[in-house]
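Enquirer: Output the structure for:
(2 chains)
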There are 2 protein chains.
Amino acid sequence: MKIRKTIAIDMDNVIADIESHYIDWYEKEKGIRVDKKSLSGLPETEALPDKTAVMRYLFTPGFFRTIPVMTGAKEALQILSGNYEIFIVSAAMQFPQSLSEKYQWLAEHFPDITWKNIVLCGDKSVIGTDYMIDDHTKNLDCFKGKPLLFTASHNVHVNHHVRLKDWNEATVYFENELRK
Amino acid sequence: MKIRKTIAIDMDNVIADIESHYIDWYEKEKGIRVDKKSLSGLPETEALPDKTAVMRYLFTPGFFRTIPVMTGAKEALQILSGNYEIFIVSAAMQFPQSLSEKYQWLAEHFPDITWKNIVLCGDKSVIGTDYMIDDHTKNLDCFKGKPLLFTASHNVHVNHHVRLKDWNEATVYFENELRK
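Expert: Got it, this is the predicted structure:
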């Protein structure tokens, strides 16, 4: 049996569309609809006009549980799991209330991913997969496998990692990797 | 700055004395005090006279939160953290109710270990540390670093890994590793 290569896949901004969720919660709280384009290039935690909003939401019970799924993520993970061993790896420990919410969110939206392939951690330097898809350079810079930057508004100016702009591009990338 | 080597340290049967907790809960439930020696060589989930007891306890809210600390673990981790980067790595995902309990347990008993160094996962094959201390061969057999078997009643017959019989022996082992 051929051993399948492993991919660590982040949650927020990768399979969970947390930017849209920030904007929706901000509108609900402040009555102001922020244009997603205005987030471009800003640090994630300072992306909204009220600079305290993002951190407040991240510590609010129910926030993580209700994030919408990223466009194309379900279909892409279905395809990738045919050829790769997929691990969902989320830096959840900073937000302890998110632990059970992230588990429940995955059970609802990605029921084919079993408990064996879920990792909730802090510092991702401990992760030893072959690939890592993440939106944060802090997680990718010290990764020993192949790091892949998933595009998010906060990382548009980063240019020192291979970039995947969406799940369509990610699927094509991993198809090409199989041919190598 | 010298990069410190990393150690993945398991929770149950390593820093958390889950065997004593099984015995205490069994006595509370059944009125029978089981001798720890009678667990020797038995699979963990079948260690108590009522073979359903361990799995029931593992899914009972409050069980993980109240496990006593393993003898010597606090002192040993204090010493080890002076020379190594320590990650607590627990296969908690099988028991979703344990996620927040394990986080709270660590905050109470090991407050110096920050959220950055906690990993709650399923399959530990994803872990890429230099050393792994664990009581289960399933976690150690595919580990790419140095696997170290921490003695528990269920693993007394295992003889294909370097064994650490307690935290005193573990501390000596890692002192010797520094001299290599």
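Enquirer: pLDDT averaged over stretch A:168-180, what's the number?
Expert: Averaged over stretch A:168-180, pLDDT sits at 96.
Enquirer: again with stretch A:53-63
Expert: Computed over stretch A:53-63, the average pLDDT equals 97.
Enquirer: For the residue in chain A that chain B sits nearest to, the count of nearby residues, please.
Expert: Residue nearest to chain B within chain A (Cβ to the nearest Cβ): residue A:128, separated by 2.2 Å. For every residue, glycine as well, the C-beta is placed using N, CA and C. Close neighbours of residue A:128, defined as other Cβ atoms under 10 Å in any protein chain shown, add up to 19.
Enquirer: what residues are up against the nearest residue to it once chain neighbours are set aside?
Expert: Leaving aside its sequence neighbours, residue A:128 sits nearest to residue B:128 (Cβ to Cβ, 6 or more residues apart in numbering or on different chains; 2.2 Å). Listed by Cβ atoms under 8 Å, 6 or more residues apart in numbering or on different chains, the contact partners of residue B:128 are A:126-129, A:144, B:144-145.
Enquirer: mind running it again at 10 Å?
Expert: Neighbour list for residue B:128: A:125-129, A:143-145, B:6, B:8, B:143-145 [criterion: Cβ atoms under 10 Å, 6 or more residues apart in numbering or on different chains].
Enquirer: Go through whichever helix or strand residue A:101 is part of and flag the buried ones.
Expert: Element membership for residue A:101 (DSSP states H and E) is helix A:98-109. Residues of helix A:98-109 classed as buried: A:98-103, A:105-106, A:109 (neighbour count, 16 or more other Cβ atoms under 10 Å in any protein chain shown).
Enquirer: what angle sits between that helix and helix B:98-109?
Expert: 170 degrees (axes from the mean of the first three to the mean of the last three Cα atoms, to 10 degrees).
Enquirer: What average pLDDT does helix A:98-109 get?
Expert: On average, helix A:98-109 scores 97.
Enquirer: where along chain A do the strands fall?
Expert: A:6-9, A:85-90, A:118-120, A:131-134, A:146-150, A:162-164 (DSSP state E).
Enquirer: Measure how buried residue A:123 is and give me the count.
Expert: 19.
Enquirer: Then residue A:46?
Expert: 15.
Enquirer: Next: residue A:69.
Expert: By other Cβ under 10 Å, 14 other residues sit near residue A:69.
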